[in-house]
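>>> Have a look at this prediction, sequence included:
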Amino acid sequence: MTRTDRASWERFYEGDPIRHLRDPMRKGRIKTLALICSGRTVDIGGGACFIAAARAALAAEQRNPPPPPTVTLEISAAALKGVASAFKEVGAEGAYEGTVLARAARLCVVGDAQNLPFKDNSFQTAVLGEVLEHYSKEEAVWILLEAARVAERFVVISVPNQKLPPPKAPAPGEPTLDSSYHHQQEYSLEKLKDQTEAIGRLVGYQLGHWIIAQVAIDKARAKGWRELMEVRRRTCQKHLKDKCAK
């Protein structure tokens, strides 16, 4: 799993699984992502069910019916221990008599963003919130292709904006968060557009400390890119095998 390994993320979340929600700026980013989500959603790298909690809070505030299910896939089992705390942090622990919290806790999966354990078109929306920057360019494009495989309509993304990076230390009294933890890439809007062309068309974005974008999935385009990358991977593996055999 390259440098973005499970053990390092277990250490990151063991002390405080909802550390991102305690940072007001990151909490705002999560709320914005939740507003963009539509239908049944998978939150890839979703921490302690952050998007599920935010969607529940927003629906309850507006006195709407419970939101559609959000499945959370997270590399760290330690992060998923904070689901109840995440719902409490956003004021949604008692929403809908606790049924949405209970559902979110059931819909947690420990897994790898590069190999999603879901069938094609299982969701309407896939979320990649602060995920892509932790991988190489080739890995990030593959993750986008995996997201486009399991989602029917949209991939919603947030990445730190290299031109206006999130502060490393939030306001006094808030926990310190290193905004560059295990980052392998920096993103501008142009770079994000370039990478997301593999899966479809960017239909909306917001610029701030984070770039928040919504991509409409083009299944034919994503299929073509996936086939090209699979050929490239097989070629690289064969080259490495031949080299080692000499």
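Nice, I can see it. Numbering: from 1, shown residues only.
>>> Gly39: neighbour count?
14 (other CB atoms under 10 Å). The way it works is simple: take the backbone N, C-alpha and C, and place the C-beta from them, glycine included.
>>> now it: how far from Glu152?
8 Å (CB to CB, to the nearest Å).
>>> list residues touching both of those two?
Common contact partners of Gly39 and Glu152 (CB atoms under 8 Å, 6 or more residues apart in numbering): Phe123, Gln124.
>>> Which secondary structure element of the protein has the lowest mean pLDDT?
When each helix and strand of the chain is scored by mean pLDDT, DSSP states H and E, helix 219-245 comes last, with a mean of 81.
>>> contact partners of stretch 102-110?
49, 52-53, 56, 69-77, 80, 83-84, 87, 117.
>>> Just give me how far that stretch sits from the chain centre.
Relative to its chain's centre, stretch 102-110 lies at 16 Å (CA atoms, centre = their mean, to the nearest Å).
>>> average model confidence for it?
For stretch 102-110, mean pLDDT rounds to 96.
>>> same question, stretch 201-218
97.
>>> show me the contacts for Ile75.
Applying CB under 8 Å, 6+ apart, the residues contacting Ile75 are Thr4, Arg6, Trp9, Gly45, Val110, Gly111, Asp112, Ala113.
>>> Among those, give me the pair with the biggest separation.
Thr4 and Val110 (14.5 Å; CB to CB).
>>> Just the buried ones from the contacts of Ile75, in PyMOL syntax?
Of these, the buried ones go into a single PyMOL selection, burial set by 16 or more other CB atoms under 10 Å:
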select buried, resi 4+6+9+45+111+112+113
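>>> and which of the contacts of Ile75 is nearest to Pro24?
Each of these was scored against Pro24 by CB to CB, and Gly45 proved nearest at 20.7 Å.
>>> what about the strands in the protein?
41-44, 70-74, 108-110, 123-129, 151-160, 200-207, 210-217 (DSSP state E).
>>> partner strands of the second one, parallel or antiparallel?
Next to strand 70-74 in the sheet, as set by DSSP bridges, lie strand 41-44 (parallel), strand 108-110 (parallel).
>>> Out of these, which is closest to Glu130?
If we rank those by CB to CB, the stretch that ends up nearest is strand 41-44, at 10.6 Å.
>>> Which residues does that closest one contact?
49-52, 55, 68-73, 113, 116, 118, 122-129, 131, 143, 147, 150-151.
>>> in that strand, what's buried?
Buried residues in strand 41-44 (16+ other CB under 10 Å): Thr41, Val42, Asp43, Ile44.
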